[in-house]
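In: what would the 3D arrangement of this be:
(chains A, B, C and D)
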Amino acid sequence: MAAADRKDTTEQAEFREQCQKWLKANHPGRPPVQLPQGALELSDPAALQWLQQWQKSAYDAGLIGCDYPLDVGGGGKENCQSIANQEMQKAKTPYLPNIIGMGMAAPTIFFHCQDEVKAELLPKLLSGEEIWCQGFSEPGAGSDLANQQTFAEKDGDNWVINGHKVWTSLAHFADWMILLCRTDKSDKYNGLSYFAVPIKAALGKGVTVQPLIKMTGQTGFNEVLFDNLVISDRYRMDDVGAGWKVAMTTLAHERGAGSLVTPASGGMAIEEESGVSAGNIGSLISLAKQQHRGSGRAADDASLRDEIMKLMIRQEALRQNSRRAGVPELTDHPMRIPLQGKLVGTELNQDIAETAYRIEGAASTLYVNDPNAPAAGQWPLAYMNSFGVTIAAGANEVQRNILGERVLGLAKSK
Amino acid sequence: MAAADRKDTTEQAEFREQCQKWLKANHPGRPPVQLPQGALELSDPAALQWLQQWQKSAYDAGLIGCDYPLDVGGGGKENCQSIANQEMQKAKTPYLPNIIGMGMAAPTIFFHCQDEVKAELLPKLLSGEEIWCQGFSEPGAGSDLANQQTFAEKDGDNWVINGHKVWTSLAHFADWMILLCRTDKSDKYNGLSYFAVPIKAALGKGVTVQPLIKMTGQTGFNEVLFDNLVISDRYRMDDVGAGWKVAMTTLAHERGAGSLVTPASGGMAIEEESGVSAGNIGSLISLAKQQHRGSGRAADDASLRDEIMKLMIRQEALRQNSRRAGVPELTDHPMRIPLQGKLVGTELNQDIAETAYRIEGAASTLYVNDPNAPAAGQWPLAYMNSFGVTIAAGANEVQRNILGERVLGLAKSK
Amino acid sequence: MAVEPKNFGFGEDETMLRDSARKFMSDHCSTDKLHSLVASDYQIDRDNLCLWDQGLWQQIVELGWPAVCVPEANGGIGMPLVAAVALAEEIGKAGFPSPLLGIFNSTFVLRACDSAAAHQALASIAGGKTMTLAITNAAGSWHSDHTDVEVNKDGSLTGGAYFVQDARKCEQFLVSARGDKGVGLYLVDASASGLTLIPDSIVDLTRDQAHLSFSDVAAVEVASPGKGSNAIANAIPAILCIVSADMVGAGEWLLQTTVEYAKTRIQFDHPLGFFQAVKHPLVNVMLQIDNAKSLTYHAASAFDHVPENAERSARMAKSEASDMAVFSSSRAVQFHGGIGFTWECYVHLFFKRQMHNQVMYGDAKYQRAHLANSIMGPAN
Amino acid sequence: MAVEPKNFGFGEDETMLRDSARKFMSDHCSTDKLHSLVASDYQIDRDNLCLWDQGLWQQIVELGWPAVCVPEANGGIGMPLVAAVALAEEIGKAGFPSPLLGIFNSTFVLRACDSAAAHQALASIAGGKTMTLAITNAAGSWHSDHTDVEVNKDGSLTGGAYFVQDARKCEQFLVSARGDKGVGLYLVDASASGLTLIPDSIVDLTRDQAHLSFSDVAAVEVASPGKGSNAIANAIPAILCIVSADMVGAGEWLLQTTVEYAKTRIQFDHPLGFFQAVKHPLVNVMLQIDNAKSLTYHAASAFDHVPENAERSARMAKSEASDMAVFSSSRAVQFHGGIGFTWECYVHLFFKRQMHNQVMYGDAKYQRAHLANSIMGPAN
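Out: Here you go, the predicted model:
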């Protein structure tokens, strides 16, 4: 601790102590049901409920939303969320279920909604009582986000929404959706508007949620269909036609480049048996020590060792880059490192999982419900799932454009 | 031989025997001066002269230009040049010096000049008495070939040329240049025309040739400046404004995708001591067996072994691809393999030379005139020179566009 | 000195066979049909069924494909390895679930045995019987000398064979087993008593895989102890060519399908393929497919004409094809975007087949380690 | 437990030093000036001269840079390794020919010796004397225990030291030599009798390199036989950080210069950087530079605060920086097109410096082999 905390302000230092004390007494322990590797893969209502209880208790203790003002349900502190996050990680807590709510919806609501709407929505969002999902992607609007076809038409004080959203994680549990859609067909960027939409209340009454099946055979994503859904104009964020600007707030926070730090707990091992999680090079090395290759172990193959070390170096670099991003004197362009995170992290995880095939050899053919599959078949699963994230939230090809254009200042490619 | 020749026609079989007989009696032996690795790097007039003698004798014997008609100085045969090439390679002859003349100028002249001009230019071109160079590149027209600024203005029966060409290999020896230039400033593609230009005769009288220095410290390329050079209209190829079309004939033959097979001899080892030539994986392996690495030899490093085998596989693939390109039943698109050659070959050579750094370790710092440099310092030299070819003749980025657009049918990127 | 023919041995017969196979596949095995056959149940814990079209297989048997490389003396067609390679490529391009590749592999192992029993086994293949190799141990070793099956005193077999390809589609297994003088080869009937087949639960939907448990199972010796491992080693180049050809075919499907998508899918007002971030990797996929294809033909041609070069050439082919399999499948999913990540998009069928193929009989790195030993000598 | 500071130890002093160095370099060492200094004669067989700006070096000595990491007790400034790393990065960015890196390397080796003679040697550095390491044998081994120099009975040295960096710019050499109890370290004056310096002819124009021949050369022992190799091993993480920082600086020069070119050079009616075939690789160069930079700072910070982690971290940094050095230089030439291939374009200066740097003290693969032994245990 000592040195890591040296720079805490008095408020931060006090708050850190308070977090530590509370976490010591209130760690929720092991879950009664098995949890998936991340909140976006939640499918068991019992798992969700248990995680919601954890989020609520951490919220009540002031560890979540502490940098938001008191009047919107926050803690009214300054620069304390990162302290709470550090302490929750150290205490190896479970992750928080309302991940889209906190990471994307909350800052967007905070910066773009009317005050009474903030006060209505944010407390239950931060406490995890109301789950949020995100309605950005459409069949024709993948990486080209501005190509929204879902249409909202003004009808007095209401809006009538029709359209088709895809890849909406958590929609099957969500109370609310942040929705980007078109309100003017004549202008690609200035014809977009942004809403908070109460979807659970409208299920079967203008809203249909149905699961999409991933190539892994798992569900998790959904598609959401709007058929003349009517919502109040009070849930519009910012001006009509300002949707693109509002979406940039969402995306900046999604990329960790927003001004509000996202509440994040975690650190609790999920799959204790296999230890597999994308990014877990330690378990890759254990695997290499167990698996046969040629006349020795995979861990003896110098060429595989070289490959594994390459991955480990990339992982350490990711960690040290985010450390350096926190030291303004050591970065020339403030967005240079933050805008890399998604690109670099998702490709690293893909490459880690792909390397597992070479370590497992013939046994990499075995899937999750084969009793002889190494690491319970989680590596081929992790590899396939890794494409979800190299594609989502702006395919990595688009991420490279963003870096080339915004950071290096090269001409726009589109 | 047997099986390789099974498909020869009677004419081809006879011609092959004739070639073999002549080569046995007339191989020129070892050169009296040191030759560079290829004709484009020729700088010593004595070396050029010796190679010109070799080309002349092979031409007189009917081994060069044999598929061109008799009335333009050819041999009047059909599909025999490839036979002569095979036999010259087998006999490990020196290379031919007039490489741009035969590979690019000759087919262009043949398809686009008036008959009397063909008869004037081709015999001395094929015999190697007159050396040719190519004037396509300009400071502002690199991969974007159509962006020619050198301008030819009509003046009665003559043209007056002004402009600046770069990267003109062999210009310091050349009698003639094939010149692509602009005759109309209002139309990018249809404003180009194509000429044969007698440059040696005009040196100091409208033409200046000066050497460009490569990053290696070697000369080889030149820049050529035109200052009111006057040439006769008879040397125009095809119509005014048809320059782009004519250039396509040149480029197709350069890429080995033209209808006329380029005369080519070679196979004689040049650098017998070092054995280094881009593409020589055998010498890379010998190097790895000699060089120390860690506590063993570089050749013992499993990860380097893996890398060397990857290169060897790519090299073998290149060979087998060109074999397959000769079997129409085994290729779906006739240009799919021919259009790959330049791209794949030049990148392979670059990667081979780059791998040598890892094998040589500290000693890779030593350059060609250091007595302790492994392989006489040829590997760092080869690596730097490899960029000449990944850049030239349409940078490899452009080659990938060409393949994506012409073979895969993807939308044009420009 | 023997030389390879310029055309890799693709004479008229081989080309005709390839063309008729291509037509058969496009007439009868559309990807549509394949998806509804093997992917109708997406759930991970679905029943582990062996899904294949046995009616179509009977037609294929009647077309004589299983017998193409069986010697004429044993009632087969007696064509060279390139014929099997041509068929395997079409099978791969269709992602077709069948025992054909196992039959080819068995054919080449049996051809290397040269015993009366082996000839009889070849004749049974020519007669339409299905067969696959059971020569891999629990550790998944590809070494011809490694087996977890033992030959009992009475000639029966006890132990286990693993990673047996398309096991549930086969009537006979060609099993490597250790006797007192080394590894021999044995033919075992799928219905033999004492034999238990345990289906593996695998990722690839177009294959089935199983492990076999032997308890005093009656077997016919086709290569005696000590000779079996040689026969396997001699057939390895052919086996590597066949699996490489399957990857070449599947790679071509992935390339063409992704290219078509890149022509029609519009993003940022352009078809995807306009963007060099899509175009250039697709070109790289094409380059790798061409490399793998030419190396595979070369290796097959060497096997048929210059056998002493076959192993090196085949390991080169398998190395390149395996790397290509990984790259072609990964880019196909990536460039199909969100839709490529779904079960309803057919890409996953070929993605999974490629990832299965690339590890079979040793991945790219494994092949290169062998090559380095052969070309550079062993490392000190 | 010791921990690293969040800011890698870049406190106010270090940042100020870095900023002043950056200003000094941009004021005095433009690439223009560098090119006319070291590249005026392009011919391969030019005289092998040691080209550097000694006047500028005197100013640098007066600024105190050579003494930054010399302990205060020895008259130095006593700053941590990150200070030297910050300077090395600026040196690399300017491609500046100087003995500074050798002085830093020597400083850290001497700091690990802890003998009276070593303290004296450190004091001489603080006093402005130049010094470089002569610890590599003819085979170019990076192992601290390998040397081709022997200690004679009378304490003089005989043998050879190779790949000595910036040798002709240095007044003293810190030499590893084998005595009866192992490898010791010795200070040798450049003008000592019996010492012959043979300049190497190298590719990099911004460096000089030589080998030294010793024949009964008088030397001062700074670490006794057996202790010298430990001192070198202890300093290796610092040495790796310093060369990595040089590569990070040179990489940034290559990136920025190529980006500027890609903004102005028009091809096919667009600036080059419009094309993803140029834009995306340049982004990849940037990603690699950032990795190398953060890993280097981390390793330096570990060296200063958690020394037991320093070797691993430094090998990670050197591995990434070396790979980056190759990639950044190759892409800079490629994207500059024809002009980038000429002597008149400044890119080649940094290309050559990067290729030189990347092999020094072990290339990327070498570092990873060490890392694997440390993290995964030795291979069987």
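In: counting by contacts, list what the helix or strand that contains residue C:231 packs against.
Out: Secondary structure from DSSP states H and E places residue C:231 in helix C:228-264. Packing partners of helix C:228-264 (3 or more C-beta pairs under 8 Å, 6 or more residues apart in numbering or on different chains; DSSP states H and E): helix C:81-94, helix C:100-111, strand C:172-179, strand C:182-189, strand C:270-271, helix C:276-305, helix C:310-340, helix C:347-359. No exception for glycine: its C-beta is placed from N, CA and C like everyone else's.
In: out of those, which comes closest to residue A:169?
Out: Closest approach to residue A:169 among the helices and strands packed on helix C:228-264 is made by helix C:310-340 (12.0 Å; C-beta to C-beta).
In: is that closest one in proximity to chain A?
Out: Yes - against chain A, helix C:310-340 shows contacts by C-beta under 8 Å from any C-beta of the partner chain at C:326, C:330, C:333, C:334, C:337, C:338, C:339, C:340.
In: same question, stretch C:175-189
Out: No - using C-beta under 8 Å from any C-beta, stretch C:175-189 never reaches chain A; the gap is at least 14.9 Å.
In: I'd say residue A:57 and residue A:27 touch.
Out: No - counting by C-beta atoms under 8 Å, residue A:57 does not reach residue A:27; the two are 10.1 Å apart.
In: about what we covered before: compare the residues of helix C:310-340 next to chain A and tell me which is most surrounded.
Out: For the residues of helix C:310-340 next to chain A, neighbours were counted using other C-beta atoms under 10 Å in any protein chain shown, and residue C:333 has the most, 25 neighbours in all.
In: in chain C, what residue sits furthest out from the centroid?
Out: residue C:269 (42.1 Å; C-alpha atoms, centre = their mean).
In: and that residue, how close does it get to residue B:413?
Out: Taking C-beta to C-beta, to the nearest Å as the measure, residue C:269 falls 14 Å from residue B:413.
In: again, but for residue C:255
Out: Residue C:255 is 18 Å from residue B:413, by C-beta to C-beta.
In: which one's more surrounded, the two?
Out: residue B:413 (25 against 21).
In: on the three-state scheme, that one is what?
Out: coil (DSSP: H, G, I helix; E, B strand; the rest coil).
In: so it is in contact with residue C:279, correct?
Out: Yes - contact criterion C-beta under 8 Å: residue B:413 and residue C:279 qualify, at 6.2 Å.
In: so what sits against both of these two?
Out: Shared contacts of residue B:413 and residue C:279 (C-beta atoms under 8 Å, 6 or more residues apart in numbering or on different chains): B:401, B:404, B:405.
In: got the contact list for the last one?
Out: This means residue B:405. Applying C-beta under 8 Å, 6+ apart, the residues contacting residue B:405 are B:411, B:412, B:413, C:279.
In: select from the residues you listed the one having the most neighbours.
Out: Of the contacts of residue B:405, with other C-beta under 10 Å as the count, residue C:279 tops at 27 neighbours.
In: not counting sequence-adjacent ones, nearest residue to it?
Out: residue B:404 (3.9 Å; C-beta to C-beta, 6 or more residues apart in numbering or on different chains).
In: give me the pLDDT for that neighbour.
Out: Per-residue pLDDT puts residue B:404 at 94.
In: burial of residue A:315, as a residue count?
Out: Residue A:315: 19 neighbours (other C-beta under 10 Å).
In: er, residue A:184 actually
Out: Residue A:184: 15 neighbours (other C-beta under 10 Å).
In: which SS class is it?
Out: coil.
In: also residue C:362?
Out: coil.
In: and it, how many neighbours?
Out: With other C-beta under 10 Å as criterion, residue C:362 counts 27.
In: and the helices in the stretch 1-150 of chain A?
Out: A:10-26, A:45-60, A:81-90, A:99-100, A:106-112, A:115-127 (DSSP state H, counting those that start in this stretch).
In: nearest to residue B:116, of those?
Out: Of those, nearest to residue B:116 by C-beta to C-beta is helix A:106-112, at 77.8 Å.
In: how far does the closest one sit from the chain's center?
Out: Mean C-alpha position of helix A:106-112 versus that of the full chain (C-alpha atoms, centre = their mean, to the nearest Å) differs by 17 Å.
In: got a list of contacts for that helix?
Out: Contacts for helix A:106-112 (C-beta under 8 Å, 6+ apart): A:65, A:68, A:72, A:117-118, A:121-122, A:125-126, A:178, A:194, A:196, A:237-238, A:246, A:249-250, A:253, A:258-260, A:262.
In: cutoff 7 Å now
Out: Residues from elsewhere that reach helix A:106-112 (C-beta atoms under 7 Å, 6 or more residues apart in numbering or on different chains): A:68, A:72, A:118, A:121-122, A:125-126, A:178, A:196, A:237-238, A:246, A:249-250, A:253, A:258, A:260.
In: also stretch C:133-148?
Out: A:292, A:361-363, C:102, C:105-106, C:109, C:159-164, C:173-178, C:183, C:212, C:229, C:232-233, C:236, C:361-362.
In: from chain C, how far out is residue A:285?
Out: 17 Å (C-beta to the nearest C-beta, to the nearest Å).
In: any idea how far residue A:291 is from that residue?
Out: From residue A:285 over to residue A:291 (counting by C-beta to C-beta), the distance is 11 Å.
In: and if you look at residue A:219?
Out: 31 Å.
In: more neighbours: which of the two?
Out: residue A:291 (23 against 17).
In: tally of neighbours for residue C:218?
Out: Every residue meeting other C-beta under 10 Å relative to residue C:218 is counted, giving 15.
In: shouldn't residue C:337 be in contact with residue A:394?
Out: No - when contacts are counted by C-beta atoms under 7 Å, residue C:337 is not listed as touching residue A:394 (10.8 Å).
In: anything in the lowest-mean-pLDDT helix or strand in chain C near chain A?
Out: When each helix and strand of chain C is scored by mean pLDDT, DSSP states H and E, strand C:266-267 comes last, with a mean of 88. Yes - Strand C:266-267 lies within reach of chain A by C-beta under 7 Å from any C-beta of the partner chain, at residue C:267.
In: now swap in stretch C:361-380 and tell me
Out: Yes - with C-beta under 7 Å from any C-beta as the measure, stretch C:361-380 is seen reaching chain A through C:363, C:365, C:366, C:369.
In: quick check, nearest of these to residue D:217?
Out: Once C-beta to C-beta is applied, the member of those that ends up nearest residue D:217 is residue C:369, at 47.0 Å.
In: got a list of what that closest one touches?
Out: residue A:294.
In: so, low pLDDT: which residues of the stretch 251-400 of chain A?
Out: A:269-279, A:393 (pLDDT under 70).
In: swap the cut-off to 50 and go again
Out: For the stretch 251-400 of chain A, applying pLDDT under 50 flags the ranges A:271-275.
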